[in-house]
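Peer 1: Structure of the sequence below:
(one chain, ligands or ions: 2)
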Amino acid sequence: MRKTSKSLREIISSGGMARVMAAHDPLSARLVEEAGFDAIWASGFELSAAMGLADVSLVSMTQHLDNMRRMADRSSLPIVADVDTGYGNAVNVIFTVKQFEAAGASAVVIEDKAFPKVTSLIAGGRQDLLPISENQGKIEAAVSARQDPDFLVIARVEALIAGRGEAEALERAHAYEAAGADMILIHSKEKTPDEIESFIRGWTGSVPIVIVPTAYPQMTEARAKSLKKVGMLIYGNHAIRAAVTGMQKVFARIIADGGIETVNDEIVPVSEIFRLQDMDMVKQIETQFLR
Ligand code: SPV
Ligand code: MG
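Peer 2: Residues are numbered from 1 along each chain as shown. Ligands and ions are numbered 1, 2, ... in the order given. As a prediction, the model looks like this:
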């Protein structure tokens, strides 16, 4: 049974903190669910990387949507869709929100960068932001487009990433809250939590904050909760990084050892993949219907 947007909305409105893990395909989405996370982050970075591409607005909306539909089909968790800049202006955002909600998303995150965007964590990246009023219109448009009132519109502030400072980050966050955003995602690429903690201390708005602590891993869940205002913590790219780590290690061993015997017991058996493919269900269907 798919969980509705309500389950995510409930965690956040009861003052809880949703733990959200990135996925880039239906299999990783299923593993996110089995591990016990509250929701899936349909990450643009992960999907781009899985396609061997840079996260610079190269993946199309329909490719992202198609992947999201397949993830929704293989997992019952709510999905937080990373729609980057919403694929254009307020007109595009309305279409985007409708499409992603219909495809099974429980939330969208829209960032205030100009299209085409450049991935946030890259050193020296070109980080062009939209004027505040223009992005405010996009957030209003997103809110007007949702069908389910529990569907979350999350406005992502990139002012710290763009080096514009905390005052502008707070100004943008307040403007997007006024536009109807349910949450504010504040992103940082600083190597310590100081910048984010300072922003959160300075946040006087009433909607909860979303953080993505990739660059500042000292930010544990307990530390985020102690800040009182964090309603969602996203592990932004740990599925694709775990997958790459695993493949690099195993591939290197096979090349070095000239065969698969030594790694055989270190990787999941084929039976585990059968389980994830629901082969028992296939067998049951065969028994019942094949004549
Ligand atoms: C993503 O996972 O696509 C994100 C987070 O947007 S980051 O890559 O850190 O910008
Ligand atoms: Mg992204």
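Peer 1: For residue 37, give me its contacts.
Peer 2: Going by C-beta atoms under 8 Å, 6 or more residues apart in numbering, residue 37 touches 19-21, 77, 235. The C-beta positions use only the backbone N, C-alpha and C, and glycine is treated the same way.
Peer 1: most neighbours, which of those residues?
Peer 2: With neighbours defined as other C-beta atoms under 10 Å, the most crowded of these is residue 20; it has 27 neighbours.
Peer 1: so who does the residue of the stretch 151-291 of the chain found nearest ligand 1 touch?
Peer 2: Using C-beta to the nearest ligand atom, the single residue of the stretch 151-291 of the chain nearest to ligand 1 is residue 236, 4.0 Å away. With contact set as C-beta under 8 Å, 6+ apart, residue 236 has these partners: 22, 41, 43, 45, 212, 214.
Peer 1: let's see 10 Å
Peer 2: With contacts defined as C-beta atoms under 10 Å, 6 or more residues apart in numbering, residue 236 is in contact with 20-22, 41, 43-46, 82, 120-121, 187, 211-215.
Peer 1: cool, residue 8 as well?
Peer 2: Residues near residue 8 by C-beta under 10 Å, 6+ apart: 18, 20, 38-39, 77-80, 106-107, 150-152, 231-232.
Peer 1: most neighbours, which of the residues you listed?
Peer 2: Counting by other C-beta under 10 Å, top hit in the contacts of residue 8: residue 107 with 31 neighbours.
Peer 1: How about that residue: what's its closest non-neighbour residue?
Peer 2: The shortest distance from residue 107 to any non-neighbouring residue, by C-beta to C-beta, 6 or more residues apart in numbering, is to residue 152 (3.7 Å).
Peer 1: Just confirm the one you found contacts residue 100, I think it does.
Peer 2: No - the criterion here is C-beta atoms under 10 Å, and residue 152 misses it with residue 100 at 11.4 Å.
Peer 1: overlap in contacts of the two?
Peer 2: Common neighbours of residue 152 and residue 100 (C-beta under 10 Å, 6+ apart) are 106-108, 146.
Peer 1: Let me see the contact set for the residue of the stretch 51-200 of the chain found nearest ligand 1.
Peer 2: When distances are taken as C-beta to the nearest ligand atom, the stretch 51-200 of the chain reaches nearest to ligand 1 at residue 120, 3.6 Å away. Contact analysis of residue 120 by C-beta under 10 Å, 6+ apart lists 45, 55, 111, 113, 127, 156, 158, 160-162, 187-189, 212, 214-215, 236.
Peer 1: switch to 8 Å and redo it
Peer 2: By C-beta under 8 Å, 6+ apart, the neighbours of residue 120 are 127, 158, 161, 187, 189.
Peer 1: what's the burial count for the second one?
Peer 2: Read it as residue 158. A total of 24 residues lie near residue 158 under the criterion other C-beta under 10 Å.
Peer 1: Can you pull the phi/psi pair for it?
Peer 2: phi -110, psi 10 (degrees, to the nearest 10).
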